[in-house]
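J.: Need coordinates for the following:
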Amino acid sequence: MPIAAITGTNGKTTTSRMLAHITKMAGHTPGLTTTDGVYIDGQRTVEGDMTGPVATRMVLADPKIDIAVLEVARGGLLRAGMGVPFVNVGAVLNVQSDHLGMKGIDNLEQLAEVKRIIVEVAKDCAVLNADDVNVIRMSAHTDAKHLCYVTINPQHTVVREHIRAGGRACALEAGVNGQMITLYDKGRHIPLMWTHLIPATLEGRAMHNVQNAMFAAAMAFSLGFKLDAIRQGLRTFDTTFYQAPGRMNVYDEHPFKVIFDYAHNAHAVGVMADLAGRLDVRGRRIVVVAGPGDRRDEDIRDIALAVAGRFDHYVCRRDDGLRGRASDEVPLMIAAVLREQGVRDDQITIIPDEQEAIDHALRMGQFGDLLLVFADALTRSWKQVTKFKAEGVAATVAAQAPAAPALIAEPGESAAAGPTSSPQSDDGALWATGFVRDERGLRFVGEAGD
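T.: Numbering: from 1, shown residues only. The predicted structure is shown next:
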């Protein structure tokens, strides 16, 4: 039975769901582990955070499945390792600041060492984010038969040379009709599909889901799935609450649009703030923002910086679980940073309780507004959004802010590059250092093997 494993700071749940959906649409019976449960053939059988070795063994023991898709989190790796001696395809999406200062992991380099276990045990293919310096360097630590680099930068020096050497890659390329996800393998150039045809990308605007789709496609290709099956899977995967709870869920039944997301670190919050800036909004942009109480003060500050200056109004809240902090400590910290960044007092509302904060934001909503809600209690908060009665709002037009154009980033543009915000070098000086060519293409060796 083939096994695929996916890790990264952000995007791993959506990518895992995308890949499992591709396999199901192709006629397989997938077993999937995620942060919200175990799924067998699309049905949740166990609820809760199931990203450790116990969940892995549970899925692999199920006689009904014929392929396993494993979302693997840092916590499970640190506690008990992988739970399997090898995987067929392993992918690392990114390494970003989250959970630092916990369990002996104090910096990104240490976090990368934990996450690279996925590619160390990959047999057939290691799928690596070439736009993240900590991830591409993991190519020095895998014996997989193939190295597949994923990049949204078509000028990426290492990926270009890797392709020329016959290596496998998935790149985002500009075309007459938009942006094309393209596969390369053994010299073949394989246009897969336009990003705007993937519902989860909101017509190509949600760059983080463009990249998640690229990883799912690269993994499916490396597992031997046919191109048409990959296309069909991506075309039929949507980020509804029921398919991907808390992952960029959109609710359009109010006079205003609501985007609902579980982002809980600065990078993920910044990605969603970028998306809010790309969408065409007739009214105001309003955000409900928080930070987990067990994160460092600088992490909470970074979350505030990720939204500062991008919205017309900010509702600052906390999670239900205080995790050692005072009841209003996190929202007050966020509000203080916003003020430092020039946000006016009349643009900030502090409501510590999550339910009350979301209710306040919904009541603020007027015709043409966009509400970006960062939620923690997902099911409860989503019900709040969907069951809210927007009485009298439809006839009320907000003081119109100038409509923002519906921007779509050009390939290689790093301002909103999905789950990466990492250095990209057009001249290749950074990337060309420490790479060697072998039968798999280019791989990193670094300084004495890093």
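
J.: pLDDT score assigned to Val445?
T.: On the pLDDT scale, Val445 is placed at 84.

J.: from now on call the first residue 13
T.: Renumbered: residue one is now 13, and that last one reads Val457.

J.: Wait, it touches Val448, no?
T.: Yes: taking CB atoms under 8 Å as the definition, Val457 is a contact partner of Val448 at 5.3 Å. (Glycine included, C-beta is placed from N, CA and C.)

J.: More neighbours: those two, which one.
T.: Between Val457 and Val448, counted using other CB atoms under 10 Å, the more crowded position is Val457 (14 against 10).

J.: Let me see the contact set for Leu209.
T.: Applying CB atoms under 8 Å, 6 or more residues apart in numbering to Leu209 gives the contacts Leu246, Arg247.

J.: and Gln255, what does it touch?
T.: Shown in contact with Gln255 (CB under 8 Å, 6+ apart): Arg29, His33, Phe249.

J.: Would you mind measuring from Arg351 to Gly282?
T.: Using CB to CB, to the nearest Å, Arg351 is found at 19 Å from Gly282.

J.: and the two? which has more neighbours close in?
T.: Set Arg351 next to Gly282 and count neighbours by other CB under 10 Å: Gly282 wins out with 22 against 15.

J.: Grab the nearest non-local neighbour of that one.
T.: Ala318 (3.8 Å; CB to CB, 6 or more residues apart in numbering).

J.: so the one you found is in which element?
T.: helix 309-319 (DSSP states H and E).

J.: Pretty sure Thr19 sits against Val107.
T.: No: in this structure Thr19 lies outside contact range of Val107 using CB under 8 Å: 9.3 Å.

J.: Which residues are in contact with each of these two?
T.: Taking CB under 8 Å, 6+ apart as the criterion, Thr19 and Val107 both touch Lys127.

J.: Is it possible to get a markdown table of the contacts of Gln255 that adds secondary structure and neighbour count?
T.: Shown next, in a markdown table, are those (DSSP: H, G, I helix; E, B strand; the rest coil; neighbours: other CB atoms under 10 Å):
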| residue | secondary structure | neighbour count |
| --- | --- | --- |
| Arg29 | helix | 27 |
| His33 | helix | 24 |
| Phe249 | coil | 26 |
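
J.: from these, which is closest to Ala152?
T.: Closest approach between those and Ala152, by CB to CB: Arg29, at 29.9 Å.

J.: so what's the closest one closest to, chain neighbours aside?
T.: Nearest-residue entry for Arg29: Ala256, 5.4 Å, with adjacent residues in sequence omitted and distances by CB to CB, 6+ apart.

J.: Next, the one you found: secondary structure please.
T.: Three-state assignment for Ala256 (DSSP: H, G, I helix; E, B strand; the rest coil): coil.

J.: pretty sure it contacts Lys24?
T.: No: Ala256 is beyond contact range of Lys24, at 11.9 Å (criterion: CB under 8 Å).

J.: of these two, who's got more company?
T.: Set side by side, Ala256 and Lys24 show unequal neighbour counts under other CB under 10 Å, the larger going to Lys24 at 27 against 24.

J.: wait, what's in contact with the more buried one?
T.: Ile18, Glu83, Val84, Ala85, Leu105.

J.: Equivalent analysis for Arg322, please.
T.: Counting by CB under 8 Å, 6+ apart, Arg322 makes contact with Ala285, Ala288, Gly289, Arg297, Val299.

J.: Swap in 10 Å and give it another go.
T.: By CB atoms under 10 Å, 6 or more residues apart in numbering, Arg322 lies in contact with Gly282, Ala285, Asp286, Ala288, Gly289, Arg297, Val299, Val355, Leu384.

J.: Can you name the helix or strand that the first one falls in?
T.: The reference is to Gly282. Using DSSP H and E, Gly282 falls within helix 278-290.
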